[in-house]
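Novice: Sharing a model that was predicted from the sequence below.
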Amino acid sequence: MSQPSEMEIFREFIRKKGLRYTPEREIILREILKIHDHFDVDELYLRLRNQGHRISKASIYRTLPLLIECGLVQEVYQEDGHMHYEHIYGHEPHAHFRCLSCRRVEEFQDERLEEVAEEFRRKHGAEIKRVRYELLGYCAACLKEG
């Protein structure tokens, strides 16, 4: 049996929550799925507007928590006063390194990330819904510059 699509997951999630599946929500999700990098609300809003969609920032801000709750999107990091996101469904778990100087973000994978979450779950009897790992520091190039 194949994995359900992001649209199917979101439709079912919205239905179970007793909310309306609106065209705006679908347009927002479709555009997010086209972005293969981190994004913020302003960038998403401009992309939609440039395509002729009349979707407010408020609609985006109301839709993002739903997409996060159903496991399609996650918050990645906060910078300059606003959150950056990425779509994660179907992607391998990964972490992020952020350079505090040049602000470059580098993604990396390590099987130990899942092991840490699983060990915590077993040890503390917790239910883990989402995992987000972020390393903050200075990249090699910035360290060379001093």
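Specialist: Great, that's in hand. Keep in mind that this is a model prediction, so the values were computed, not measured.
Novice: all helices of this structure, in order?
Specialist: For the chain, the helices defined by DSSP state H cover 6-16, 23-34, 41-50, 57-69, 112-124, 140-145.
Novice: Between the ones you listed, which one is closest to Glu75.
Specialist: In terms of Cβ to Cβ, the element of the helices of the chain nearest to Glu75 is helix 57-69, at 6.7 Å. Heads up, the C-betas are built off the backbone N, CA and C, glycines and all.
Novice: And the closest one, what's buried?
Specialist: Buried residues in helix 57-69, counted by 16 or more other Cβ atoms under 10 Å: Ser59, Ile60, Thr63, Leu64, Leu66, Leu67, Ile68.
Novice: Show me which of those is closest to Leu44.
Specialist: Relative to Leu44, the closest of these is Ile60; by Cβ to Cβ it sits at 5.8 Å.
Novice: I figured Ile68 hits Val76, correct?
Specialist: No - using Cβ atoms under 8 Å, Ile68 makes no contact with Val76, being 11.0 Å away.
Novice: I'm done for today, thanks for sticking with me.
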